[in-house]
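In: sharing a model that was predicted from the sequence below.
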Amino acid sequence: MNNPVRVRFAPSPTGFLHIGGIRTALFNYLFAKANSGQFILRLEDTDRERFVEEGVEQIIKSLDWIGLHPDEGVWYEQKPGEHGPYIQSQRLNHYKDYAQKLIDKGLAYYSQTIPEKIESLKAEAINERRPFVYKHSMEPTEAPASTRGMPIRLKVPDGKTMWKDEVRGEFESNHEIIDDFIIVKADGFPTYNFANVVDDHLMNISHVIRGDEFISSTAKHALLYDLLEFDRPAWVHLPSILGPDGKKKLSKRDGDVNVLEYKAKGYLPEAILNFLALLGWNDGTTQEVFSPEELINKFNIGRVQKSPAVFDVNRLDWMNGEYIRNKLSDEELIEHIKPYLPEAWLENMNYFKTVLALDKERIKRFDEAKYIMEIFFETPNVDKALLCKKDDIDTIKSWVSEVVKAIEPIDFEHDQVEKALRELAEKLDVQSGRLFYTLRVGLTGRTEAPGLFDIFVTLGKAESLKRLQSL
RNA sequence: GGUCCCAUCGUCUAGGGGUUAGGACACCAGGUUUUCAUCCUGGCAACAGGGGUUCGAAUCCCCUUGGGAUCACCA
């Protein structure tokens, strides 16, 4: 590892950036920063059919929000860098050049066999229960009159290719089972396998860090590096992220959605990053919460896991609550929850802050703030069945008038209210918890709320009495 | 089916020949003499199975089983 570390995140704009993509980007980013290297964003848009118009913008916005900013490559305004352009559709000349070099050396050829023919050959092979591997020998013997509309295939030589993965170890592939795979499609665009190798070489990428679904095609890449006489990069394949069933890969319904949806739900980028970093990596200690800086300082590839990890939203929620409680100042919290709340709630900032002090530790996601704080800003609908769960309505009515009498004259201060209500419970000869339940429901319409005396004090005498009397 | 990969509590994981197999999330119980939350304490819970190697295996080897990835003119 004498060469400078340069890694890239190379998504294809065929949709939105999902959790899995962010995890890959994160490990690249962490590795770059941990080794004073560069983190590059490149776009692999060689699939014209699946190209999504807003894909590029979405990718940049997602990475921007989550805090994984590239040092080089594609960004709102392209980042400076000597290896551009960083969008593959703008680099066609490079692929063409290298493909031609391969053809000149007899290592690649225009393939005359039409797709339909290949399909039938394949069907035949499957029928006879033998593997299908497309080879040069299946091509027509006479040279084509024109190469127009023909893809270029690599002429895979006899032999075998060995390569090493930094987390899984050594791999060896016999060329007998490697297709003469297509490197340039009929439309003139390169395939992933080819563009990837050419670009990683041209951009001096030192480590290719990507999802493990690429393991099986890495032999092709290694072979291409050798044939093109490029120096090979180090390969690092990350374990996949699974859905809650622990079997299938994380899918849309399990939460593998556009990461901006996580923003909308009120997750903190730092919490997501922390959570994701621990999916397939740990520092060997029992530490669970890491700031981005700590992650950078402690990250190393040697501790990347081999086996896949299940995405557990429960743990993400815990982590997010942890960050809200311990890492956010009140001012920062307010900025984050503001978008979810009616503006009117913030008009009286002192009151708002008093409420927030009571509710801060109960918020796990910002989108929950409205529901949690609501009882202090809106008159609740009190469900009669809930209110009368422990005592009948007549009893409650008599209690309420007693309560009103008891607290009307006192100062509205936590201990005073507590004293008055406890004395009243004793006087009425009722268990305090029972009386408090009724009052809590009467005041908030809920069984879950902050401490009862805090509710009284925060609401104030007038509002408290009003709510009780309206019962 | 071919090729390849993986395997410790339900989940994320520590542990790499000798450990009461540790921590965290979730869950349960108790406490903070009002609920929920927070916080504290405690509890439940794992080495997939079988063979080796070894004085000794969760750890090393083999097989089985289970799971996964991939076999595109997608990336």
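Out: Good, I have the coordinates.

In: got the phi and psi for residue A:11?
Out: phi -80, psi 160 (degrees, to the nearest 10).

In: likewise for residue A:237?
Out: Dihedral angles (degrees, to the nearest 10) for residue A:237: phi -110, psi 130.

In: let me see the contact set for it.
Out: When contacts are counted by CB atoms under 8 Å, 6 or more residues apart in numbering, residue A:237 touches A:165, A:167, A:168, A:210, A:211, A:212, A:214, A:215, A:218. In this view, the C-beta of every residue, glycine as well, is placed from N, C-alpha and C.

In: same thing but at 10 Å, please
Out: By CB atoms under 10 Å, 6 or more residues apart in numbering, residue A:237 lies in contact with A:165-168, A:171, A:208-215, A:218, A:304, A:306.

In: and what of residue A:305?
Out: A:167, A:238, A:239, A:278, A:279, A:280, A:281, A:282.

In: considering the contacts of residue A:237, which possesses the most neighbours?
Out: Within these, neighbour counts (other CB atoms under 10 Å) peak at residue A:209, which reaches 27 neighbours.

In: I'd say that residue and residue A:8 touch.
Out: Yes - with contact defined as CB atoms under 10 Å, residue A:209 counts as touching residue A:8 (8.6 Å).

In: give me the common contacts of these two.
Out: Residues touching both residue A:209 and residue A:8 comprise A:25, A:28, A:32, with contact defined as CB under 10 Å, 6+ apart.

In: which among these gets closest to RNA strand B?
Out: Nearest to RNA strand B among the shared contacts of residue A:209 and residue A:8, counting by CB to the nearest atom of the strand, is residue A:25 at 13.2 Å.

In: can you tell me which of the shared contacts of residue A:209 and residue A:8 are in helices?
Out: Taking DSSP state H, the ones among the shared contacts of residue A:209 and residue A:8 that sit in helices are A:25, A:28, A:32.

In: I'd say the first one and residue A:68 touch.
Out: Yes - because the distance of 5.1 Å satisfies CB under 10 Å, residue A:25 is recorded as touching residue A:68.

In: list residues touching both of the two?
Out: Common contacts of residue A:25 and residue A:68, defined by CB under 10 Å, 6+ apart, comprise A:9, A:17, A:39, A:41, A:62, A:273.

In: quick one, phi psi at the first one?
Out: For residue A:9, the backbone dihedrals are phi -110, psi 120 (criterion: degrees, to the nearest 10).

In: same question, the fifth one
Out: Residue A:62 has phi and psi values of phi -60, psi -50 when expressed as degrees, to the nearest 10.

In: now do the SS call for the closest residue to it other than its chain neighbours.
Out: Excluding the flanking residues, the one nearest residue A:62 by CB to CB, 6 or more residues apart in numbering is residue A:17, at 4.1 Å. The three-state label given to residue A:17 by DSSP: H, G, I helix; E, B strand; the rest coil is coil.

In: what sits closest to the residue most central in space within chain A if chain neighbours are left out?
Out: In chain A, the centroid-proximal residue (CA atoms, centre = their mean) is residue A:19; its distance is 2.7 Å. Nearest non-adjacent residue to residue A:19, counting by CB to CB, 6+ apart: residue A:256, 5.1 Å away.

In: re the thing from before, which one of residue A:25 and residue A:68 is surrounded by more residues?
Out: Neighbour count, other CB under 10 Å: between residue A:25 and residue A:68, residue A:25 has more, with 28 against 21.

In: and the nearest residue to that one once chain neighbours are set aside, what pLDDT?
Out: Leaving aside its sequence neighbours, residue A:25 sits nearest to residue A:9 (CB to CB, 6+ apart; 4.2 Å). Predicted confidence (pLDDT) for residue A:9: 98.

In: residue A:297: how many residues sit nearby?
Out: Residue A:297 has 14 nearby residues by other CB under 10 Å.

In: pretty sure it contacts residue A:35?
Out: No - contact criterion CB under 10 Å: residue A:297 and residue A:35 do not qualify, at 11.4 Å.

In: flag every residue of the stretch 251-400 of chain A that's near RNA strand B.
Out: A:278-282, A:284, A:286, A:288, A:303, A:305-310, A:312, A:314-315, A:317-318, A:321-322, A:325, A:361-362 (CB under 7 Å from any atom of the strand).

In: what residues are up against the residue nearest to residue A:19?
Out: Here residue A:256 is in contact with A:18, A:19, A:20, A:21, A:241, A:243, A:249, A:250, A:311 (CB under 10 Å, 6+ apart).

In: is it true that it lies in a strand?
Out: No - Residue A:256 is assigned coil when assessed by three-state DSSP, not a strand.

In: look up how far residue A:311 lies from it.
Out: Noted for residue A:256: a distance of 7 Å to residue A:311, by CB to CB, to the nearest Å.

In: which neighbours do those two share?
Out: Common neighbours of residue A:256 and residue A:311 (CB under 10 Å, 6+ apart) are A:19, A:20, A:241, A:243, A:249, A:250.

In: let's have the ones in helices among the shared contacts of residue A:209 and residue A:8 in TSV, adding distance to residue A:93.
Out: Converted to TSV, these look like this (distance: CB to CB, whole Å):
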residue	distance to residue A:93
A:25	28
A:28	27
A:32	28
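
In: against residue A:209, how distant is residue A:27?
Out: Between residue A:27 and residue A:209 the distance is 6 Å, computed by CB to CB.

In: need the overlap of contacts for those two.
Out: Common neighbours of residue A:27 and residue A:209 (CB under 10 Å, 6+ apart) are A:7, A:9, A:236, A:238, A:301, A:304.

In: burial check on the third one, number of neighbours?
Out: If I follow you right, that is residue A:236. 20.

In: which of the helices or strands spans it?
Out: strand A:234-238 (DSSP states H and E).

In: over to residue A:270?
Out: helix A:269-277.

In: sweet, I'm off.
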